[in-house]
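Novice: got a predicted structure here, sequence first:
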Amino acid sequence: MGIAIMTSGGDCAGMNPGIKRFVEYSIEKGLKPYLICDGLEGLIDNRIQPATHADVAGIITKGGSVLRSSRSARFFEPEYRQQAYDNLKAHGIDMLVVLGGDGSFRALDVFYREFGIAFCGIPATIDNDIFGTDYCLGVDTALNVIRQATDQIRDTASSSRRAFVIETMGRDCGYLALVSALTSGAEICLIPELPYDLDSLKKRFQAEIADGRTYMIAIVSEGVDFAPQLTRWLEEEVGMEARLTVLGHTQRGGSPTVLDRLRAFEFVTIAIDALVTGSNDGVVFYKNCQMATRSISEVVSGRSEISPVYLEEGRKLTR
């Protein structure tokens with residue numbers, strides 16, 4: 001029985017450990033594993049190859065995806081989905097494991113309903129914004145990239161008596177920014193989920209400066225779209241020289257942390273077991289320290305939310 005794996009959407013650390021586990025566990029289960037390169041585009045263009053242990057040797061330490069990834073407008077056209085299906089049938093592939101996010105899962109759900117190719121999704125996005133799971137692959141590595149950068153910036157901030165604004169990724173979800181702020185001792189945190197009050201912040205900082213504060217760290221989610229403005233505000237309104245650092249795509253890369261390697265191992269194992277036992281359109285989730293699968297309809301019907309405990313603490317950094 002043929003089973004294939006692909007990475008879709010934005011890349012993240014943890015994908016390569018997942019690919020390695022997929023090949024090794026598929027062979028262990030008596031399945032024939034295949035690798036799909038370049039995501040949905042590769043599915044359409046038949047960039048599909050059988051996999052052996054040699055294909056995944058040594059990739060566990062690497063960030064990103066050795067299979068590469070893509071987003072595909074063509075996949076939303078019926079003729080190209082038919083082409084993708086024909087490619088899979090030619091290889092004898094009946095099951096797919098997909099590392100990606102909501103968009104990838106929705107695309108494969110349509111594919112399953114049209115052609116019956118069973119799939120299991122594994123949440124893999126540094127935004128940590130997939131409904132129903134507390135954790136997505138890549139999050140811990142991204143948080144550690146931010147932590148290291150923030151710790152280093154704090155060193156120079158304290159030495160130069162400056163304020164530093166650090167912009168994190170996260171699109172519409174402030175998880176990376178909020179968790180980074182709470183774990184690095186930032187003085188400001190702005191995220192889409194929480195309103196902020198500049199007047200209140202100004203009064204607080206002026207009082208703290210009068211009491212001896214010489215520097216500060218602000219962490220801002222890109223979804224707020226306010227990092228440059230906040231940098232100017234700190235100089236013009238608070239009176240502290242300020243600098244902006246945009247971490248950008250550094251957060252996607254880097255060798256996966258132990259947690260991301262372990263979660264990849266667990267996610268892929270559950271995904272393959274689910275497919276072998278008859279699950280056709282599920283997504284693996286991690287909730288309250290437990291792992292299982294739920295239907296794609298459940299996953300796409302809700303909206304991911306940050307822990308209320310984190311939000312309550314984060315609110316103190318917005319005013």
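Specialist: Alright, I've got the coordinates.
Novice: can you spell out the domain ranges of this protein, please?
Specialist: 2-138+256-301, 140-252 (automatic domain parsing).
Novice: and of those, who's closest to Val309?
Specialist: Nearest of the domains of the chain to Val309, taken as CB to CB: domain 140-252 at 9.9 Å. Yep, even glycine has a C-beta here, placed from its N, CA and C like the rest.
Novice: span of the closest one from start to end?
Specialist: End-to-end span of domain 140-252 (CA to CA, to the nearest Å): 11 Å.
Novice: could I get the average pLDDT for that domain?
Specialist: Regarding domain 140-252, the rounded mean pLDDT is 97.
Novice: please apply the same query to stretch 78-90.
Specialist: The average pLDDT for stretch 78-90 rounds to 98.
Novice: give me the residues contacting it.
Specialist: Defining contact as CB atoms under 8 Å, 6 or more residues apart in numbering, one finds that stretch 78-90 is touched by 2, 4, 40, 43-44, 46, 48, 72, 74-75, 94, 96, 110-111, 114-115, 117.
Novice: returning to what we had before: need the domains of the chain in JSON lines (columns: distance to Leu311).
Specialist: Formatted as JSON lines, the domains of the chain follow (distance: least, CB to CB, whole Å):
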{"stretch": "domain 2-138+256-301", "distance to Leu311": "14"}
{"stretch": "domain 140-252", "distance to Leu311": "6"}
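Novice: let me see the contact set for the closest residue to Thr141 other than its chain neighbours.
Specialist: Among residues not flanking Thr141 along the chain, Ala13 sits closest, at 3.6 Å (CB to CB, 6 or more residues apart in numbering). Neighbour list for Ala13: 63-64, 137-138, 141-142, 252-257, 260 [criterion: CB under 8 Å, 6+ apart].
Novice: what's the closest of the domains of the chain to Gly314?
Specialist: Among these, the nearest to Gly314 by CB to CB is domain 140-252 (4.7 Å).
Novice: from the contact counts, what lies against whatever helix or strand Leu143 lives in?
Specialist: Per DSSP states H and E, Leu143 falls inside helix 139-160. Here helix 139-160 touches strand 163-168, helix 175-184, strand 216-221, helix 258-276, going by 3 or more CB pairs under 8 Å, 6 or more residues apart in numbering; DSSP states H and E.
Novice: wasn't Val97 part of a helix?
Specialist: No: per DSSP: H, G, I helix; E, B strand; the rest coil, Val97 lies outside any helix segment and is strand.
Novice: any chance of the contacts of Ala13 in TSV, plus distance to Tyr196 and neighbour count?
Specialist: What follows is the contacts of Ala13, written out as TSV (distance: CB to CB, whole Å; neighbours: other CB atoms under 10 Å):
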residue	distance to Tyr196	neighbour count
Gly63	33	19
Gly64	34	20
Leu137	30	31
Gly138	27	32
Thr141	28	25
Ala142	23	32
Arg252	27	19
Gly253	30	16
Gly254	30	19
Ser255	35	14
Pro256	33	27
Thr257	30	19
Asp260	31	29
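Novice: between these, which is closest to Gln206?
Specialist: Closest to Gln206, out of all of those and judged by CB to CB, is Ala142, at 33.7 Å.
Novice: contacts only, for the closest residue to Gly248 other than its chain neighbours.
Specialist: Closest residue to Gly248 apart from its sequence neighbours, by CB to CB, 6+ apart: Met169 at 7.2 Å. Residues in contact with Met169, defined by CB under 8 Å, 6+ apart, are 126-127, 142, 176, 221-222, 247-249, 251-252.
Novice: excluding covalently adjacent residues, which one is nearest to Arg74?
Specialist: Tyr80 (4.3 Å).
Novice: and what of Cys173?
Specialist: Asp129 (3.9 Å).
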